[in-house]
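**Student:** return atomic coordinates for the entry below.
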Amino acid sequence: MALAKGSKAPDFTLPGTSGKDFSLYTVMKGKPCVLYFYPKDFTSVCTAEACGFRDHFEDFRDLDITVLGISTDDIATHNRFKEQFNLPFELLSDADGSVSKLYGAKMPILNMSKRITYLLDGEQRVQSTFSDLFNAKKHIQSVLEEMKGKK
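**Tutor:** Below is the predicted model:
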């Protein structure tokens, strides 16, 4: 089950494509962000979603929102994915699926993340949740509409 609106998002530390570990509460303190969980690098819907976030990256930057992609793929796979599709945002590796589980984003039985997107405010509280396994574009449009409505 997804995290409830208004709830505090769980803290986590995961390795990222920057080569550094990323800790939510430390790095994003006082800053809003989008955490988008997705099943697998290089699959058609996940690639379309990543490229959609890439194509709207300036919109998110203009709204001062950091975008972070999370899946159970390893860092080497994330780095190839990021390079091939010129992704300007950090990808985080949740190899054991523990963070996906904390966020209600783990597929039962499979060690893969569901497609779910969270918009967190600067205090890491859930502002919105978007979940649709097959419609990646809807996640991006929903987050942008939500944020533009608050400006």
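
**Student:** phi, psi of the closest residue to Ala9 other than its chain neighbours?
**Tutor:** Using Cβ to Cβ, 6 or more residues apart in numbering and skipping residues adjacent in sequence, the residue nearest Ala9 is Gln124, 4.6 Å away. All C-beta atoms are positioned from the backbone trio N, CA, C, and that covers glycine. Phi and psi for Gln124, reported as degrees, to the nearest 10, are phi 60, psi 40.

**Student:** isn't Gln124 up against Gly6?
**Tutor:** No: look at Gln124 against Gly6 with Cβ atoms under 8 Å: they stay out of range, at 11.6 Å.

**Student:** burial count for the residue nearest to Ala9?
**Tutor:** For Gln124, the neighbour count with other Cβ atoms under 10 Å is 21.

**Student:** quick one: pLDDT of it?
**Tutor:** Per-residue pLDDT puts Gln124 at 96.

**Student:** ok, it to Asp11 distance?
**Tutor:** For Gln124, the distance to Asp11 (Cβ to Cβ, to the nearest Å) stands at 8 Å.

**Student:** nearest residue to Asn79 in space, please, no chain neighbours.
**Tutor:** That would be Thr17: by Cβ to Cβ, 6+ apart, it lies 5.5 Å from Asn79.

**Student:** likewise Lys40?
**Tutor:** Cys46 (5.6 Å).

**Student:** okay, the one you found and Ile140: tell me how far apart.
**Tutor:** 13 Å.

**Student:** what lies in contact with whichever strand or helix holds Leu119?
**Tutor:** Leu119 is part of strand 116-120 when elements are defined by DSSP states H and E. With contacts defined as Cβ atoms under 8 Å, 6 or more residues apart in numbering, strand 116-120 is touched by 2-3, 9, 28, 32-37, 65, 103-105, 126-131, 139, 142-143, 146-147.

**Student:** again with stretch 61-71
**Tutor:** With Cβ under 8 Å, 6+ apart, stretch 61-71 has contacts from 14, 22, 28, 31-41, 46, 50, 53, 57, 60, 78, 87, 89-94, 99-100, 105, 112-113, 119, 143-144, 147-148, 151.

**Student:** so which of those sit within strands?
**Tutor:** Among the contacts of stretch 61-71, the residues falling in strands (DSSP state E) are 14, 22, 33-37, 90-93, 119.
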